[in-house]
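Visitor: Fold the following and give me the result.
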Amino acid sequence: MNDEFQVWVLLLGLALGAALAWFAFGSGGRAPDLESLESEGERSLEAEWLARELEQQGRTVEPAALEAALALHHDLATGRTVDRGEAAAPPVDQ
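Guide: Presented below is the predicted three-dimensional model:
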C-alpha cells in the first residue's frame, strides 16, 4: 500500500471513531436527573407546564394530580418496586 492511501484510511478511522463516541456518550435529549426529580420546586414547575400543554390539547388535568404522578414516577425511577395489588391481577377464567 502507498502512504497516501494509509493516511486516508487513518482519517476515515478517526472520523468513524469520533462518530461512534458521539453516539455512545452523547445525549440528544434531557436525560432523567434523579436529583432534580427529588426537588419539590422542579416537580411543581413541571406539573404546571404539563397542565398547560395538556390544556392546549383540550385535556384538563389539575397540576396537583400531575405533581402526585411525577412523585410516583420519581419513586419508580429511584428503584421503588411497583405493588400490583389485587386490582391489577388478571381475571381467572374457570
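
Visitor: Which residue ranges of this protein form helices?
Guide: Using DSSP state H, the helices assigned to the chain run over residues 3-25, 34-38, 40-56, 63-77.

Visitor: The nearest residue to residue 61 once chain neighbours are set aside and residue 44, how far apart?
Guide: Excluding its sequence neighbours, the residue lying closest to residue 61 (C-beta to C-beta, 6 or more residues apart in numbering) is residue 54, at 5.2 Å. To be clear about C-beta, it is placed using only N, CA and C from the backbone, and glycine gets the same treatment. Counting by C-beta to C-beta, to the nearest Å, the gap from residue 54 to residue 44 is 16 Å.

Visitor: Throw the helices of the chain into TSV and include mean neighbour count and distance to residue 83, thanks.
Guide: Below are the helices of the chain laid out as TSV (neighbours: other C-beta atoms under 10 Å; distance: least, C-beta to C-beta, whole Å):
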stretch	mean neighbour count	distance to residue 83
helix 3-25	9	36
helix 34-38	12	20
helix 40-56	14	22
helix 63-77	14	11
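
Visitor: and stretch 50-64, what's its mean pLDDT?
Guide: Summarised as a single mean, pLDDT over stretch 50-64 is 91.

Visitor: Mean pLDDT per helix and strand in the chain: which one sits at the bottom?
Guide: helix 34-38 (a mean of 59; mean pLDDT, DSSP states H and E).

Visitor: What's the per-residue pLDDT of the closest residue to residue 43 other than its chain neighbours here?
Guide: Spatial nearest neighbour of residue 43, excluding adjacent residues (C-beta to C-beta, 6+ apart): residue 70 at 5.0 Å. Per-residue pLDDT puts residue 70 at 85.

Visitor: if I read this right, residue 70 contacts residue 45, doesn't it?
Guide: No - taking contacts as C-beta atoms under 8 Å, residue 70 lies outside contact range of residue 45: 10.2 Å.

Visitor: what do these two both touch?
Guide: Here residue 70 and residue 45 share no contacting residue, scored by C-beta atoms under 8 Å, 6 or more residues apart in numbering.
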